[in-house]
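Engineer: Structure for this input, please:
(one chain, ligands or ions: 2)
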Amino acid sequence: MSRLTHDEILGWLRETSPSRLERLFAQADQVRRDHVGDAVHLRGLIEISSYCARQCHYCGLRAARSMPRYRMTREEIMKCVRQAGLLGFGTVVMQAGEDFGIEAEWLAEIIRAIKAETPLAVTLSLGERLPDELRLWRQAGADRYLLRFETSNPALYAAIHPRRGAAVSDRVSLLRELRAIGYEIGSGVMTGIPGQTYEMLARDIELFEALDLDMIGIGPFLAHPDTPLGAQSAAIIDEDQVPSNEWMVLKAVALTRIVCPEANLPATTALATINTVDGREHGLESGANVFMPVLTPAPYRQMYEIYPGKACVDEDATQCNHCLRGRIQRLGRSVGVGPGGRAKGFLKQGQSLPEEPISSSRTDALSQFVVLR
Ligand code: SAM
Ligand code: SF4
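Structural biologist: Numbering: from 1, shown residues only. Ligands and ions are numbered 1, 2, ... in the order given. As a prediction, this is how the structure comes out:
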């Protein structure tokens with residue numbers, strides 16, 4: 001059963017009072033503590049290929065962009081995997097554009113090698129691959145699959161995520177299929193996509209709950225000037241348009257933690273990109289419990305340019321690991337040990353939610369009342 005009604009979620013997404021929002025974040029932090037504990041899990045991200053067959057209107061890897069691309073070799077990937085083990089991470093995430101040059105059996109063999117050599121959990125994030133391929137990788141030992149549905153609104157989805165040829169693109173159905181195959185499933189959205197309204201974002205959060213997701217990634221939309229949406233975003237002035245700022249991400253993360261208390265929620269790199277100083281900490285204090293340090297070797301990490309100015313792109317994996325562990329310790333949290341799958345073992349506790357936010361019209365009415373008196 002939902003812990004927040006649709007109108008409550010919508011009210012909180014529109015809330016602007018810093019003191020009231022601090023109470024929402026504190027509530028989400030408490031729910032996080034009760035359900036997944038203080039551990040922050042480190043997932044080493046290996047961006048294995050920047051080739052992509054799709055034309056997503058938001059993404060710097062879209063096929064239409066002419067730029068140097070790479071696909072890592074088996075040896076390069078295994079080197080990153082061993083580094084993940086040495087750095088004490090519990091999971092490796094292999095991510096890429098929708099690259100059909102990544103052959104199913106080639107990757108299956110790498111997954112088998114990782115599972116044979118290490119105790120690491122393996123997460124895949126390779127786009128909309130065929131059910132047979134997804135099944136093969138699961139049989140090879142992959143544990144989790146990340147596929148953001150980007151928006152629950154069909155019209156916005158169709159506008160920003162064109163089909164690949166004649167193939168239907170239905171990420172929500174594919175997530176259900178991934179679960180049936182046996183993966184832990186992760187999804188997520190960007191906040192502030194041009195054309196995204198508060199109503200749509202509230203529905204996204206409700207869909208997270210309906211899908212009973214194991215992992216949920218939420219980050220700001222960051223305009224890439226060489227994409228259709230990047231060129232469009234500067235022109236938006238609409239009061240229903242969700243902004244692409246840190247507060248918006250933190251509100252969405254906090255509400256998601258409250259409605260999906262057991263899920264693993266990363267403080268995303270995109271959040272760290274809009275606030276390089278302490279965006280990651282703010283994420284952890286608003287309900288998040290995962291960091292995803294990048295293991296991709298230079299110069300590939302510079303070439304995996306989803307959006308410009310990505311945080312930490314010039315740091316190597318050792319520096320990144322050191323920096324993130326310091327941030328976790330300064331918050332009084334601990335670094336997670338082991339794979340850190342979904343925390344089903346935590347006993348759910350009754351939660352008293354913060355009181356309903358006052359809508360701006362109610363605030364206006366109240367201030368008028370005070371003036372009149
Ligand atoms: N190709 C795979 C896929 O689409 O699922 C995985 C890689 S893709 C780059 C990972 C995620 O990056 C997308 O799901 C999207 O949410 C995010 N992303 C893409 N472009 C972005 C942008 N301009 N700003 C913020 N996030 C973006
Ligand atoms: Fe390709 Fe994923 Fe970027 Fe879409 S979001 S263009 S599928 S890498």
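
Engineer: what's the next secondary structure element after the lengthiest helix in the chain?
Structural biologist: Longest helix in the chain, counting residues (DSSP state H): helix 18-36. Using DSSP states H and E, the helix or strand that directly follows helix 18-36 along the chain is strand 39-49.

Engineer: Just list what that next one packs against, helices and strands only.
Structural biologist: helix 74-86, strand 91-96, strand 290-291, helix 317-330, strand 334-335 (3 or more C-beta pairs under 8 Å, 6 or more residues apart in numbering; DSSP states H and E). Every residue, glycine included, has its C-beta placed from N, CA and C.

Engineer: State the mean pLDDT of the last one.
Structural biologist: Predicted confidence along strand 334-335 averages 94 (mean pLDDT).

Engineer: Which residues does that strand contact?
Structural biologist: Here strand 334-335 makes contact (C-beta atoms under 8 Å, 6 or more residues apart in numbering) with 38-40, 42, 88, 325, 328.

Engineer: Tell me if stretch 260-272 is near ligand 2.
Structural biologist: No: using C-beta under 6 Å from any ligand atom, stretch 260-272 never reaches ligand 2; the gap is at least 12.3 Å.

Engineer: Excluding chain neighbours, what is closest to the residue nearest the centre of the chain?
Structural biologist: Nearest to the geometric centre of the chain sits G217, at 1.8 Å (C-alpha atoms, centre = their mean). Of all residues not flanking G217 in the chain, G188 sits nearest, at 3.5 Å (C-beta to C-beta, 6 or more residues apart in numbering).

Engineer: of all the helices and strands packed on strand 39-49, which lies closest to ligand 1?
Structural biologist: strand 91-96 (5.2 Å; C-beta to the nearest ligand atom).

Engineer: Between helix 74-86 and the closest one, find me the angle.
Structural biologist: 150 degrees (axes from the mean of the first three to the mean of the last three C-alpha atoms, to 10 degrees).

Engineer: Could you pull out the strands in the protein for me?
Structural biologist: 39-49, 91-96, 121-125, 144-146, 184-191, 215-220, 290-291, 334-335 (DSSP state E).

Engineer: Save the ones you listed as JSON lines, and put in distance to R135 too.
Structural biologist: Compiled in JSON lines, the strands of the chain are given as follows (distance: least, C-beta to C-beta, whole Å):
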{"stretch": "strand 39-49", "distance to R135": "20"}
{"stretch": "strand 91-96", "distance to R135": "17"}
{"stretch": "strand 121-125", "distance to R135": "12"}
{"stretch": "strand 144-146", "distance to R135": "11"}
{"stretch": "strand 184-191", "distance to R135": "14"}
{"stretch": "strand 215-220", "distance to R135": "20"}
{"stretch": "strand 290-291", "distance to R135": "26"}
{"stretch": "strand 334-335", "distance to R135": "33"}
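
Engineer: nearest to ligand 2, of these?
Structural biologist: Nearest to ligand 2 among those is strand 91-96; the distance by C-beta to the nearest ligand atom comes to 7.2 Å.

Engineer: and the closest one, is it in reach of ligand 2?
Structural biologist: No: using C-beta under 6 Å from any ligand atom, strand 91-96 stays clear of ligand 2, coming no nearer than 7.2 Å.

Engineer: For the residue lying closest to P293 once chain neighbours are set aside, which residues are in contact?
Structural biologist: Setting aside the residues directly before and after it, P293 is nearest to C320 in space (C-beta to C-beta, 6+ apart), at 4.5 Å. Going by C-beta under 8 Å, 6+ apart, C320 touches 293-294, 312.

Engineer: can you check Y58 too?
Structural biologist: 150, 160, 190, 193, 221, 224, 227, 229-230.

Engineer: 6 Å instead, please
Structural biologist: With contact taken as C-beta atoms under 6 Å, 6 or more residues apart in numbering, Y58 is in contact with 160, 229.

Engineer: what are the phi and psi angles of it?
Structural biologist: phi -100, psi -10 (degrees, to the nearest 10).

Engineer: if I look at it, how far off is P228?
Structural biologist: 8 Å (C-beta to C-beta, to the nearest Å).

Engineer: what does D278 give?
Structural biologist: 32 Å.

Engineer: coming back round to it: what's the per-residue pLDDT of the residue nearest to G217 here?
Structural biologist: Confidence score, pLDDT, at G188: 98.

Engineer: Correct me if wrong: it contacts I218.
Structural biologist: Yes: look at G188 against I218 with C-beta atoms under 6 Å: they come within range, at 5.4 Å.

Engineer: Mind checking which of these two has more residues around it?
Structural biologist: Between G188 and I218, I218 has the larger neighbour count (other C-beta atoms under 10 Å), namely 31 against 22.

Engineer: For the more buried one, give me its contacts.
Structural biologist: Counting by C-beta under 6 Å, 6+ apart, the residues that I218 touches are 188, 252-253.

Engineer: Ligand 1: which of those residues is nearest?
Structural biologist: Using C-beta to the nearest ligand atom, these come closest to ligand 1 at G188, 6.5 Å.

Engineer: quick one on the thing from earlier: could you list every residue that touches the residue nearest to G217?
Structural biologist: So G188 contacts 148, 216-218 (C-beta under 6 Å, 6+ apart).
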